[in-house]
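# coordinates for the following, if possible.
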Amino acid sequence: MRLPEGMTRDDLVALHRAHVWPPYTSADEHATRPPLVIVAAEGAWLEDADGRRLLDGNASWWTSALGHRHPRIVRAIRAQLEHLEHAAMGGATNVAAALLAKGLVEVAPPGLVRVHFSDDGSTAVEVAVKLAHQYWAQNGRPARTRFISLAGAFHGDTLGAVALGGVAAFRALFGPLLFDVMHAPDPGDDAAGWERLVEAVEQELTRDSDRIAAVVVEPLVQGAAGMRVWPAALLRRLRDATTRADTLLICDEVFTGYGRTGRMWASEHAGVTPDLLCTAKGFAAGALPMAATLATDRLWQGFSGGSARALMHGHTFCGHALGAAVALETLAIFRDEDVLGGVQHKQQLIARGFARIAALPGVVRTRSLGMIGAADLGAGGYGGQAGWRVYDEALLRGAYLRPLGDTVYVTPPLNTPDADLERLLDVLHDSIAAAHR
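As a prediction, the model looks like this:
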């Protein structure tokens, strides 16, 4: 939406500061740090109120998988609005939601056959947690109430998701409100650390399997922890360990799914089918809030036997027809435009770009996987400031690169044109160099 006639950028910022409570922002920062005023977007580009164009280097918090205003997505929204925007799914369904469930099962890891819809990644994870707990409670193992997640995990901002999280900045304050979770030890920055982490989970599953409801992971990449990449072979070991313990594996693919790691699902790199899989973000191409939790038939059958055994969760916008139409069209675009095939080439550009960045002064380490590239500029973690200096330099050079503290990264739209992607990588390189002077 453009600025209304007669309104200036400063007028809008004043309204924003007077009334909006923005995410992850202190009151002091809200009053002093000028926000970007985004009025339009197209493809990999954002446009602010001053007419400045900025490459969207993080796909608007990892969600605009197909860029902004993909013409087929725009048409799908308009077409669905001609018939139905939303109707409750209590005792009802709609065409888009039913077709989407079928399409999602067809591209999911084999064995995931049921789909529960919600509206964002946090809620998709909440559904998985509640579903796992209720499954054991009403199927003969009510003592299974504990969950295991990983150090550095981020699974969302609602309380159940926060309980699973392992990043202190998001979790510590809310400790008194959270349920019991074992967080596997921090792996640090080497492969041996990840081995120790998985060994700790395996040992806990052997020691306390009768009380563990599920192991919850972000497969292969921990996003908010600083784009930490971990080996597919260890995900395979976690799947094997949960199978031996006859407990559940939940894969939070909210960030890693929909091609971000180079395959449709990060779980595919390990040949793993989880018992529950959570998806959001790229699921509806960033156009509308839409999410889903996928489950196996075993779990579905555990909720049969009468109304008292129904899943006790029903989101108001479950199966939202407009969102479902967008997510259905997103699947069609992935197929028709061979989005995953394009990622195979673009991930090489990102890998080469970060190999070049690795040689810069001040860069501690780099890594890349699929359409993800990251560089650490210090040891300050999420609270570090080095990345914010790069952020400011990147804005001057025409890119929006929101950091994770001392980690700078790119997660651009999967279909970003090569020329734009190379420009984005050049901006990041030059911004790191300038910020280090």
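
# from here on, contacts and neighbour counts on C-alpha atoms
OK.

# quick one: stretch 52-71 to chain centroid distance?
Offset of stretch 52-71 from its chain centre (C-alpha atoms, centre = their mean, to the nearest Å): 15 Å.

# which residues are contacting it?
41-48, 255, 258, 280-282, 285-287, 395, 398-402, 409-416, 420, 424 (C-alpha atoms under 8 Å, 6 or more residues apart in numbering).

# any idea of the mean pLDDT in the helix or strand harbouring D10?
In this assignment (DSSP states H and E), D10 forms part of helix 9-19. In this model, helix 9-19 has a mean pLDDT of 97.

# need the CA coordinates for that helix. PDB is fine.
Extracted in PDB, the C-alpha atoms of helix 9-19 (Å, rounded to 0.1, in the frame of the first residue of the first chain):
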ATOM      1  CA  ARG A   9       7.200   9.200   5.300                       C
ATOM      2  CA  ASP A  10       7.800  11.100   8.600                       C
ATOM      3  CA  ASP A  11       4.000  11.200   9.200                       C
ATOM      4  CA  LEU A  12       3.800   7.500   8.900                       C
ATOM      5  CA  VAL A  13       6.800   6.800  11.100                       C
ATOM      6  CA  ALA A  14       5.300   9.100  13.800                       C
ATOM      7  CA  LEU A  15       2.100   7.000  13.700                       C
ATOM      8  CA  HIS A  16       4.200   3.800  13.900                       C
ATOM      9  CA  ARG A  17       6.100   5.100  16.900                       C
ATOM     10  CA  ALA A  18       2.900   6.300  18.600                       C
ATOM     11  CA  HIS A  19       0.800   3.100  18.300                       C
END
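
# what's in contact with it?
With C-alpha under 8 Å, 6+ apart as the criterion, helix 9-19 contacts L3, H30, A31, P34, P35, V37, A49, D50.

# the last one belongs to a strand, doesn't it?
No: with DSSP: H, G, I helix; E, B strand; the rest coil as the criterion, D50 is located in coil rather than a strand.

# quick check: pLDDT value at it.
pLDDT, D50: 93.

# over to the second one?
You'll see H30 listed with a pLDDT of 96.

# buried residues, the helix or strand of the chain with the lowest mean pLDDT. List them.
Within the chain, no helix or strand scores below helix 168-171, which has a mean of 91 by mean pLDDT, DSSP states H and E. For helix 168-171, the neighbour count (16 or more other C-alpha atoms under 10 Å) marks A168, F170, R171 as buried.

# helix/strand/coil for the residue positioned nearest the centre of the chain?
For the chain, F255 is the residue whose C-alpha lies nearest the centre (C-alpha atoms, centre = their mean; 2.4 Å). On the three-state scheme (three-state DSSP), F255 is labelled coil.

# list the contacts for it?
Going by C-alpha under 8 Å, 6+ apart, the list of residues near F255 reads W62, T63, G223, T279, A280, K281, G282.

# and it, how far from I372?
11 Å (C-alpha to C-alpha, to the nearest Å).

# try R211
With C-alpha to C-alpha as the criterion, R211 and I372 are 36 Å apart.

# about what we covered before: of the contacts of F255, closest to A76?
G282 (15.9 Å; C-alpha to C-alpha).

# and the closest one, helix, strand or coil?
Going by three-state DSSP: G282 is helix.

# ok, now G188?
Applying three-state DSSP: G188 is coil.

# pull the contacting residues for the nearest residue to it once chain neighbours are set aside.
Nearest non-adjacent residue to G188, counting by C-alpha to C-alpha, 6 or more residues apart in numbering: W194, 7.7 Å away. W194 makes contact with P187, G188, W230, L234, according to C-alpha under 8 Å, 6+ apart.

# among those, which two are most distant?
The widest separation within those (C-alpha to C-alpha) is 15.2 Å, between G188 and L234.

# these two - which one has more neighbours?
Remark: of G188 and L234, L234 carries more neighbours, 18 against 13, as counted by other C-alpha atoms under 10 Å.

# list the backbone torsions phi and psi for the more buried one.
Note on L234: its backbone torsions stand at phi -80, psi -30 [degrees, to the nearest 10].
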